[in-house]
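Asks: Just a sequence and a predicted model for now, questions to come.
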Amino acid sequence: MGEIAVVFPGQGSQRVGMARDFHEQFPAAREAFAEASEALSLDVAALCFEEYPRLDLTEFTQPAIVTAEVAMLRALGAEFGLSPTHFGGHSLGEYTALCAAGAIPFADALRLVRKRGALMQQAVPVGEGAMSAIVAPGVSEAGLSDLISDLGVDVANLNSLDQVVISGPVAGVDAADARIAEKLAQAEVIRLNVSAPFHSRLMRGIEAEFRRELEAVSSGFDAARSTRVTSNLRGGYHSGALEDLLTALTGQISGTVNWVANMRALTASAPRVVEVGPNRPLKRFFSTLGVEITSIMNVKTAQKGLVS
């Protein structure tokens, strides 16, 4: 198949029943779910397939998505011969990417993202933080930062050439939304359904504790394998140094997800990009670069996209 990049969506892509068909049809997927359940002392299959209210609690959402994505990828390798050479993941998806590349063991990744989710929710009580997507041709981090710099709001995600996400306290995001709508006539402002202001300065208070969580399991990491994985925080590929990996994952919690730079690095490395996850939000982001990717959300789309 040659050079292939696989990318994984993050939080917000979850849905009830995600990866159920892979679990039903392929042993490799069932094994991944069993490993996840053992690592978390939790029935992850039930979480993904049945428990809707719990699935939207960040502490559970994050390991559920990583499990579904790893289960799908393993099945795609075993059953369809998908063998990626490069990896990327949007926000939470970076952990799936690191796991897929062999840089972080699956069980460690699951326990880390569960803790990450719990800390993120503890950082800001539900209802006190907000995020909005700003969709406009040529929207940029610099332009938005100048416009909202006095409101305590941060640029959270550089998702595509026409979408930037802002994050912060509710009052600040409300004011930012109004100002952007007034100053940028072409902009569409979309309030996101999230439980916390991810990738903002309000998350900085949990970084030290999460860094300790990373360090506690880092002896099992193979950081050299991270050179095939893009860093949300830095834009390009991870350096392969353990200290750099720990610093990047810690800073990613409050830092800007530079997904545009990630997409450019990945497409420069691999002529084919495959999105694997419960939904396909990354497909549209790549399209703003003029890149058509294959998105796999279920067995049917795998059969269509990977079987020639």
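Replies: All right, it came through fine.

Asks: which residues of this structure fall in helices?
Replies: Assigned helices in the chain, in chain order: 20-25, 27-40, 44-49, 52-55, 58-80, 93-100, 106-123, 141-148, 170-183, 207-217, 242-251, 259-269, 281-287, 299-306 (criterion: DSSP state H).

Asks: For the residue lying closest to residue 217 once chain neighbours are set aside, the count of nearby residues, please.
Replies: Take residue 217 and drop its neighbours on the chain: the residue closest to it by C-beta to C-beta, 6 or more residues apart in numbering is residue 108, 4.6 Å away. Placement of C-beta: from N, CA and C, glycine included. Here the count is done by other C-beta atoms under 10 Å, and residue 108 has 21 residues near it.

Asks: so residue 108 touches residue 220, yeah?
Replies: Yes: Residue 108 is within contact range of residue 220, at 5.8 Å (criterion: C-beta atoms under 8 Å).

Asks: any shared contact partners between the two?
Replies: With contacts defined as C-beta atoms under 8 Å, 6 or more residues apart in numbering, no residue is adjacent to both residue 108 and residue 220.

Asks: give me the number of residues near the residue nearest to residue 204 when sequence neighbours are not counted?
Replies: Closest residue to residue 204 apart from its sequence neighbours, by C-beta to C-beta, 6+ apart: residue 254 at 4.6 Å. Burial of residue 254, expressed as a neighbour count using other C-beta under 10 Å, amounts to 23.

Asks: what does the one 10 residues further on give?
Replies: Per other C-beta under 10 Å, the neighbour tally for residue 264 reads 16.

Asks: and if you look at residue 216?
Replies: Neighbour count of residue 216, defined by other C-beta under 10 Å: 11.

Asks: Going forward, the N-terminal residue is numbered 181.
Replies: Shifting the count to begin at 181 puts that one at residue 396.

Asks: Quick check: it vs residue 295, distance?
Replies: Here the criterion is C-beta to C-beta, to the nearest Å. By it, residue 396 lies 10 Å from residue 295.

Asks: ditto for residue 281
Replies: Computed with C-beta to C-beta, the distance linking residue 281 and residue 295 is 21 Å.

Asks: for residue 317, same thing?
Replies: If you measure residue 317 against residue 295 using C-beta to C-beta, the figure is 39 Å.

Asks: and the two? which has more neighbours close in?
Replies: residue 295 (18 against 9).

Asks: so what are the domain limits for the protein?
Replies: What the record gives for the chain is the domain set 184-303+382-486, 309-374, from automatic domain parsing.

Asks: Highest mean neighbour count out of those domains?
Replies: Neighbour counts averaged per stretch over these are highest for domain 184-303+382-486, at a mean of 20; criterion: mean count of other C-beta atoms under 10 Å.
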